[in-house]
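# pasting a predicted model and its sequence here:
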Amino acid sequence: MKPLSTHNKNNIWRWSNLEIAWNSVGSEEGSSPAIVLIHGFGACKEHWRHNQPVLGEITICYAIDLIGFGDSSQPQARLQGENPKPGDFSYKFDSWASQINNFCQEVVKKPVILVGNSIGGVIALRASQLLKENCISVVLIDCAQRMMDDKRLNEQPIWMRWTRPWLKKLVRQRWLSTNLFRNAANPTVIKKVLKQAYPTSGNVDESLIKLLQMPSQREGAQEAFRGFINLFDDYLAPQILKDLQIPVDLIWGEKDPWEPLGEAQHWLTTYKCIRSLKIIPDSGHCPHDECPEQVNQILLELIQQAT
């Protein structure tokens, strides 16, 4: 095997007057598809710290910071109905999917397998539609089910349906979203959330807490938070899965506290594009980081299957 071409430090790709941070591990040579790793909400490209080096041993593997997160630009949020302002950004799935699509066309420049965790899964699905034949397959790791979307409101308790109009007006207020963000970015709160998200506590340490907290200290970090908590009507994974023609593989933490395994099992039996569901025992919302050895083995098999 040829020596790895490794770039662990940030590379900056300029797109739509924004700076996008990314890195890569592996050799660009060969016919194998590239891997593009897409993190979830509040995370960053380093959340793939235990996966990217392993996947890079067999093909080039990219990790990218979504706009608003990590080391990428964090422009002011423009909510639906607000007048555009210079330099602002609409934090929604079409915008992030366009970022991934253009990154693959301008930087990767070869067919890809998209791997997404949480909301990164929805972004990967939407980006695959934009990439068309340049996307070989999609791997969803505990894909966001977006229970708070208006299209799922009839599944919520009646009191939530009654209070939804009030809630939507309230969370548009920047003073509230800023204060909510400051509370969520507290190391104590991050640690408490991680204990929920990682039931086995695997790889939950000070380095992970620091990894997740550092981007939140940047000026403008609260803008992606404001944009995301106001996404009440955007893509749901099933909307895309029902018409998708490329294969989709699911990897799921058995004890995910936020994205129930039962929904993934329902997707498996409902949508023709889904060819597999691998369950990671006892793990939670981020099995790629909590139990990387098991997830890496599955990903390696899927990559080899695609070559």
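That came in fine, so what should we check first?
# dump the residue contacts of Gln196.
Pro257, Gly284 (Cβ atoms under 8 Å, 6 or more residues apart in numbering). Where C-beta positions appear, they are placed from N, C-alpha and C, glycine not excepted.
# tell me the helix or strand right after the helix or strand hosting it.
In the assignment (DSSP states H and E), Gln196 maps to helix 187-197. The helix or strand immediately downstream of helix 187-197 is helix 206-213, counting by DSSP H and E.
# so which elements touch that following helix?
helix 187-197 (3 or more Cβ pairs under 8 Å, 6 or more residues apart in numbering; DSSP states H and E).
# element containing Val122, please.
helix 119-131.
# how long is stretch 272-289 from one end to the other?
In stretch 272-289, first residue to last residue: 28 Å (Cα to Cα, to the nearest Å).
# do the same with stretch 37-45
Span of stretch 37-45 from end to end, Cα to Cα: 8 Å.
# so how far is it off the chain centroid?
5 Å (Cα atoms, centre = their mean, to the nearest Å).
# related to what we said a few turns ago, I'd like the average pLDDT over the helix holding Val122.
Averaged across helix 119-131, pLDDT comes to 98.
# then that helix to CSV, C-alphas only?
Taking C-alpha atoms only, helix 119-131 is exported to CSV below (Å, rounded to 0.1, in the frame of the first residue of the first chain):
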residue,chain,number,x,y,z
ILE,A,119,-28.7,16.1,11.1
GLY,A,120,-25.6,15.3,9.0
GLY,A,121,-27.6,12.3,7.8
VAL,A,122,-30.4,14.5,6.5
ILE,A,123,-27.8,16.8,4.9
ALA,A,124,-26.2,13.7,3.3
LEU,A,125,-29.5,12.5,1.8
ARG,A,126,-30.3,15.9,0.3
ALA,A,127,-26.7,16.3,-1.0
SER,A,128,-26.9,12.9,-2.7
GLN,A,129,-29.9,14.2,-4.7
LEU,A,130,-27.8,17.2,-5.8
LEU,A,131,-24.7,15.1,-6.6
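# contacting residues around it?
38-41, 43, 66, 93-94, 96-98, 100-101, 104-105, 112, 114-116, 135, 138-144, 146, 228, 235-237, 240-241, 244, 246, 248.
# what about 6 Å?
For helix 119-131, contacts defined as Cβ atoms under 6 Å, 6 or more residues apart in numbering pick out 38-41, 93, 96-97, 100-101, 104, 114, 116, 135, 138, 140, 143-144, 235, 237, 240.
# so of those, which ones are in strands?
Judged by DSSP state E, strands contain the following of those: Ile38, Leu114, Gly116, Cys135, Val138, Leu140.
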